[in-house]
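Engineer: Okay, sequence plus prediction incoming.
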Amino acid sequence: MVILDRKLLRDLVAWRGTLGAIVVIVACGVATFVAMQSVYDSLSLTQTRYYETYRFGRVFASLTRAPESVAARIAAIPGVRAVQTRVVADVVVDLPGRTDGITARLISIPETGRPALDDLYLREGRMLRPGASDEVLVSEAFARANGLRVGDRLAAVINRRYRRLRIVGIALSPEYVYEIRGAADVWPDNRHFGVIWAARKPLAAAFDLTGAFNDVVVGTAPADADAVIAAMDRILAPYGSTGAYGARDQASHRFLSDEIAQLRVQAVFIPAVFLGIAAFLLDIAVSRLVSTQREQIAILKALGIDTFTLLRHYTKLVILVVAVGVAAGVLLGAWLGLRLTVIYTRFFHFPLLAYRLHPAIVAEAAAIACTAALAGTAIAMVRAARLAPAEAMRPPSPPLYRATLLERLGAAASLPLAARMIARNLERRSWTALGTVLAIAFGVAMLVVGRYGSDAIAFMIDLQFRTIQREDVTLTFSRPVRASARYELAALPGVRAVEPFRALAVRLRAGHRSRRVALLGLPDPSPLLRITDRNLVAHRVPPRGLLLSAQLARLLGITAGEAVTLEVLEGRRIVRTVPVAAVIDDVLGLNAYMNDDALHRLLDEDRTINGAYLAVDPRALDAFDRRAKGLPLIAGIAYRESMLQQFERTIAESMGISIAFLIGFAAAIACGVIYNAGRIVLSERARELATLRILGYSQREIATLVFGELAVLAAAAVPLGWGIGYALCLALAPFYETDVYRLPVVVTPASYAFAAAVAAACALLSSVPLASEMRKLDLQAVLKAVE
Amino acid sequence: MRSVRYAQPTASDESSERRAVVFHARGLRKVYRMGEVDVAALRGIDLDLYAGELVVLLGPSGSGKSTLLNILGGLDAPSAGEVIFRDHRLTGASDDELTRFRREHIGFVFQFYNLIPSLTALENVELVTELVPHPMGALDALALVGLSERGNHFPSQLSGGEQQRVAIARAIAKRPDCLLCDEPTGALDATTGKLVLEALVHANAELGTTTAIITHNAAIARIADRVITLHSGGIASVACNAAKAAPAEIEW
Ligand SMILES: Nc1ncnc2c1ncn2[C@@H]1O[C@H](COP(=O)(O)OP(=O)(O)O)[C@@H](O)[C@H]1O
Ligand SMILES: [Mg+2]
C-alpha cells in the first residue's frame, strides 16, 4: 500500500507538533528505563567481577588477640576456602594544619605477596617494600578527599606513639567499596575517615600483637557462611571475638547491595510512570487523528481497503512515532547512564566502574514502549477500523452543549462569555479534560517524587546531626577505660560538658531470630544525645531494660514488654535475659540503648566507658584537638559540625544531578501534556476560533479562551499532582527502607511550591508554540465547507 | 468611472453617484500561488458599494466571489489594487487594524452559520454586542430575525435555517456599516432559505445597513438593488433592479 504509506508520511508531518510531544515523552520514559537499568546492570556486574577478582571475604570477625595458630583451626572449618588474619586498628590521623578530627582504619597486609582475601587494587604508586616499616598505602577516596598523593607524609597516633608514615601507593579494596567506619555510619565522609594499609609486622609490633591477630577474614561459599560463622564463634570466643558476621552485615557490602536493590526498583517504577503517560497521550492523539479522518477512513473503506490494512496503517503510525522516541530515548539513556555511573563512583569506589548498555535492555525498552503505546491506542485504532463507510461519510453531528451544572444551579449567571465557553467545553469533554489533568498531575507528582529523596535525606541528616546529636565532639577509645576518665576529659581545653558512654557489641536473640548490634549505655538524662523518633518526640533511656529501634524489634519479632536474650560479645561474654522496656520509631540505624547504671549492673564489672560526647567551646577547638590526639587509647575524634558539612556537601552534589534529571524529565512530561492539550483545543475549535477572529475578536482575546482552558486544567492538576506525588512517595518509601535507614515520607512545602512553579513554567513554555500556531489560523478556511 | 471594465454604465449607476460610497475598490487582483502554478482568483476588479444598498454578487463557482468578499471584509489582502472603506485604507493595514475594522464596521454571515456551539443563541449574539459601544440589545436582534423565543437554545438544538438566522442576528446586532453574506442560503432548502433572506431584507430595510449577498442562485438576484455578476475573476455585468422582489415572491 504505497499510497497509504504516503498518507502516513503526510499525517506525520501534519501532526508533527502533537507527535513530537509524544516522542519527547516516550524518549524520557525510555531514557529513564535505559539509564537506570544499565546503571543497575553495570553496577551489579562491576560488583560481581570486583569481588571475584579481588577475592572479597564472606565472613568477618574482630577479636582482642589470638595467636596465629588459631588461623589453622579456622581454615579447618568445613566450607572455609581461605583465611586471612590481620591486625586492624582505628587510629587518629594528623594531617598538617588540620584539626577537624580525622580517623583512619589501619589494616595490615602481608609483607610479601598479596592478601589472601580482600586484595588491593593499586591505583598509583607501588606496594609496600618489605622491611620499610613507615610505608603505607592509603585508600583512593581518602587520598582524594584530603589531597594526598604518593610521596606525601602523614602521622598517626599508634598506641600512644606518634608515628610518621609515608604514602607509597593509592589503593582500593573490595571491603571498602563504600568507605564508612561501620554499620553505624550511613553516609561516607572520606575527608574524615579512610583506610590505611600497612605491613603486618610493624603494625603487629606497635599493637603488641606480634605472632597474633585481632581480625580475620574468611572466604567461603555463600551457602556455607552461616555454618562457618557459628563454628568461628566457637573457636574465637576465648579470644575476645565480638562475633563473626557475614557479608550481609559488612557495612560496605550492605550499602552497595541495598543501593543496587533500590536501583532495581526505581528502574521499573519511574519509567513505568513516564511510559504510562506516553501511552495515554498517544491514545488521545490517535483518537483525534481518527476523528478528523472519519471521511478519509470512510472513503478508504468504500474503495475496498479492508479493516486489517487500516489497522496496520494506524499501527505503523504509532510504531513509527514510538521508534523515533525509543531511538532518542536510548541515546539519551546511554548518556544519562554514563553520567549516573560517574556519580556512583563518588560513593562507591571501584577500580573501574565499567559502564555497559546491554542490547537486551534496549530491546526490552523498545518492547515495553511499543506495548504501552499500542495498548494505549488500541481503542482508538479499533474504533477507526470499525467505522462503517456510510457512517463516516456523514459529518459528525454538531457537538451537544448544555448549560454547565454551575449555571443550571443559577450560580454563574454573571460569568463572562469566555468563562462560560471554557466551562462548557470542559464539561462536555470532561473525560478528556480529566485525562489531561491526570497526565499533568503525574508530571507534577514526578516533580514531588524527584524532590522527595533529598527532602527525606535532608530531614534525616537534620534529625540526626541537629536534633539527636548535640555534642561538638565524639571521642572513642580503642578499649574500655575507667569511668573516672571522664574527669580527665572534662579537664581538656574548652570542654564544657562530658557525657560518657559505654558501647559494646552484643547479640540479641528472640526465639530463632538474632541480630548483632552495638548496645549503647547512656546516662540519664543524656543532653548531648537526645534520642528522638521520626515524629521529633524525644525519648529517655528507661531506668531498666532496653530501648530498641522499632525496626530492630520488628526484625527480632518482639514488642515492648517482651524479653530478649542478650549475649555480650566481649569480656566475660555474659548472657542475660533482658526486658525490652520500650521501642522507638527512629529513622537511622538499628539502635539499642540502655541506662548506664543498668548496663553496669548487667555487666557486673567496674564502671567503664569507651567514649564520650563532649560539648566544647568552639574557640578552644584547636587547643582541644592538639591535646585530644595525644590521649591514651584514643581511637577516634569526630567533630559533628565538620562531618555534617561534609555529608551535606556530598549529598547535595550527588543528589543534585540525579534529581535534576528526574525534574527535567517530569518537566518535559508536563510540557508535552500541556502542549498536547492545547493542540487538541486548537484543532477541535480552529473553526470556532477563526469565526471569533472574523467577528472582530483580537488575537489576545481568543488566546484567553485557549489558554484559559489550559490554565484551568493545569491549576486543577497541581493539587492533584501533589496528592499523587505524596502517595507515590508513600508507596516508594518501603523500597528505600534498609536496616540502616527508614526513609521517612517528608515532602517540604518548598518542594510542593517548586512542583507548582515548574508546572506553571511548563504551561508558559508550551503556550509559546501554541500562540504562534494560533496566529496562523486560516480565517478563510472557516468560510469554506466544514472540514 | 464608478463601474467597471466589462460593464456598461447604467442609469442606476448615475443615480447612486449621489449616495455615500462605503467601499471603494480599484484594480483588485488576487493570485494564489499553488506550488508551481499561479491561480488568478481576481483579475482586476473596480467596485463601489453605496450606503444602504442591497447588492447581490452572482457568479458560477470559482468565479472569485468569496475572494472578493473576503478582501472587502478585511480577511484577506489583495495581491494588487486598493480597498478603501470610507476613509480607512484597508490595503496595507496591520492585523490589529483589520481586526478593529471588522469589529467596528462589518457583520459577517457564512454559508455554514459558524455559530459557537458552546454558546446559546442569545450568547452567540452577545458575543458581538460585548465588542462594540452602541449595539442593539441581543434580544432585539433575535426578535428582528423572529427568534426571540429561542434565545436559550444551543446551536445543536436549532434547525439549519434557525441557526443561520441567529448568525444574521449576530451580524446585525452590533449595527455594522456593512453586512457581508457568503452564500447564506447555500446550505438551506427553499422555504428556510426564504426565511433567511427575509431576515436579511428586513434588516437592510429597518437599519439601512449596506448588504452584500453572495449567491450562485440567479433567482435570488431579484431581491437586490444592484446585481453584480462575476466571471473568471472579473466583473461581467452590473445590473439594476427597477423593482425589487420580496423574498417570498422568488422562484427558488
Ligand atoms: N486559498 C486558496 N488557495 C488557492 N486557490 C484558491 C484559494 N481560495 C480560492 N482559490 C481559487 O480562487 C478561485 C476563486 O475562488 P472563490 O473566490 O472561492 O470562488 P467562489 O467563491 O466564486 O466559488 C478558484 O479558482 C479557487 O480555486
Ligand atoms: Mg465561495
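Structural biologist: Received it, and whenever you're ready, just let me know what you need. Numbering: from 1, shown residues only, chains lettered A, B, ... in the order given. Ligands and ions are numbered 1, 2, ... in the order given.
Engineer: Nearest spatial neighbour of A:Leu710, chain-adjacent residues omitted?
Structural biologist: A:Gly678 (5.5 Å; C-beta to C-beta, 6 or more residues apart in numbering or on different chains). For every residue, glycine as well, the C-beta is placed using N, CA and C.
Engineer: tally of neighbours for that neighbour?
Structural biologist: 27 (other C-beta atoms under 10 Å in any protein chain shown).
Engineer: how much space between the closest residue to B:Glu82 other than its chain neighbours and A:Pro130?
Structural biologist: Excluding the flanking residues, the one nearest B:Glu82 by C-beta to C-beta, 6+ apart is B:Thr91, at 4.5 Å. B:Thr91 is 100 Å from A:Pro130, where distance means C-beta to C-beta, to the nearest Å.
Engineer: These two: which has the busier surroundings?
Structural biologist: Shown here are B:Thr91 and A:Pro130; by other C-beta under 10 Å, B:Thr91 has more neighbours (16 against 12).
Engineer: secondary structure class for A:Gly329?
Structural biologist: Under DSSP: H, G, I helix; E, B strand; the rest coil, A:Gly329 falls in the helix class.
Engineer: still on that earlier bit, just to check, the residue nearest to A:Leu710 is in contact with A:Val768?
Structural biologist: No: counting by C-beta atoms under 8 Å, A:Gly678 sits too far from A:Val768 to count as a contact (10.4 Å).
Engineer: Any residues of the stretch 51-200 of chain B in contact with chain A? List them.
Structural biologist: Residues of the stretch 51-200 of chain B lying close to chain A by C-beta under 8 Å from any C-beta of the partner chain are B:66, B:70, B:73, B:75-76, B:95-96, B:99-100, B:102-104, B:106, B:108, B:110-112, B:114, B:116-120, B:123, B:126-128, B:130-131, B:154-156, B:170, B:182.
Engineer: Leaving aside the residues adjacent along the chain, what's closest to A:Pro493?
Structural biologist: Once flanking residues are discounted, A:Pro493 sits nearest to A:Ala623: 4.0 Å by C-beta to C-beta, 6+ apart.
Engineer: hmm, back to that, show the buried residues in the residues of the stretch 51-200 of chain B next to chain A.
Structural biologist: Among those, the ones that count as buried by 16 or more other C-beta atoms under 10 Å in any protein chain shown are B:66, B:70, B:73, B:75-76, B:99-100, B:102-103, B:106, B:108, B:110-112, B:114, B:116-120, B:123, B:126-128, B:130-131, B:154-155, B:170, B:182.
Engineer: What's the local residue count around A:Leu320?
Structural biologist: 16.
Engineer: So it versus A:Val568, what's the distance?
Structural biologist: Distance of A:Leu320 to A:Val568, given as C-beta to C-beta: 69 Å.
Engineer: ditto for B:Leu75
Structural biologist: Counting by C-beta to C-beta, the gap from B:Leu75 to A:Val568 is 94 Å.
Engineer: likewise B:Lys244?
Structural biologist: Distance, B:Lys244 to A:Val568, using C-beta to C-beta: 117 Å.
Engineer: Also A:Leu117?
Structural biologist: To A:Val568, A:Leu117 is 28 Å away according to C-beta to C-beta.
Engineer: next one: A:Ala423
Structural biologist: Note on A:Ala423: its distance to A:Val568, by C-beta to C-beta, is 73 Å.
Engineer: just A:Ile167 next, same as before
Structural biologist: 39 Å.
Engineer: Which residues lie in contact with the residue nearest to B:Glu82 in this structure?
Structural biologist: The neighbours of B:Thr91, taking C-beta atoms under 8 Å, 6 or more residues apart in numbering or on different chains as the test, are B:77-78, B:81-83.
Engineer: Serialize those to JSON lines and add fields for pLDDT, secondary structure and neighbour count.
Structural biologist: Below are the contacts of B:Thr91 laid out as JSON lines (pLDDT from 0 to 100; DSSP: H, G, I helix; E, B strand; the rest coil; neighbours: other C-beta atoms under 10 Å in any protein chain shown):
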{"residue": "B:Ala77", "pLDDT": "89", "secondary structure": "coil", "neighbour count": "14"}
{"residue": "B:Pro78", "pLDDT": "93", "secondary structure": "coil", "neighbour count": "23"}
{"residue": "B:Gly81", "pLDDT": "94", "secondary structure": "strand", "neighbour count": "17"}
{"residue": "B:Glu82", "pLDDT": "93", "secondary structure": "strand", "neighbour count": "14"}
{"residue": "B:Val83", "pLDDT": "94", "secondary structure": "strand", "neighbour count": "24"}
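Engineer: Closest one to A:Tyr121 out of those, please.
Structural biologist: Among the contacts of B:Thr91, B:Ala77 lies closest to A:Tyr121 (C-beta to C-beta), at 75.9 Å.
Engineer: Quick check: the closest residue to A:Ile674 other than its chain neighbours vs A:Leu310, distance?
Structural biologist: The shortest distance from A:Ile674 to any non-neighbouring residue, by C-beta to C-beta, 6+ apart, is to A:Ser766 (4.4 Å). A:Ser766 is 32 Å from A:Leu310, where distance means C-beta to C-beta.
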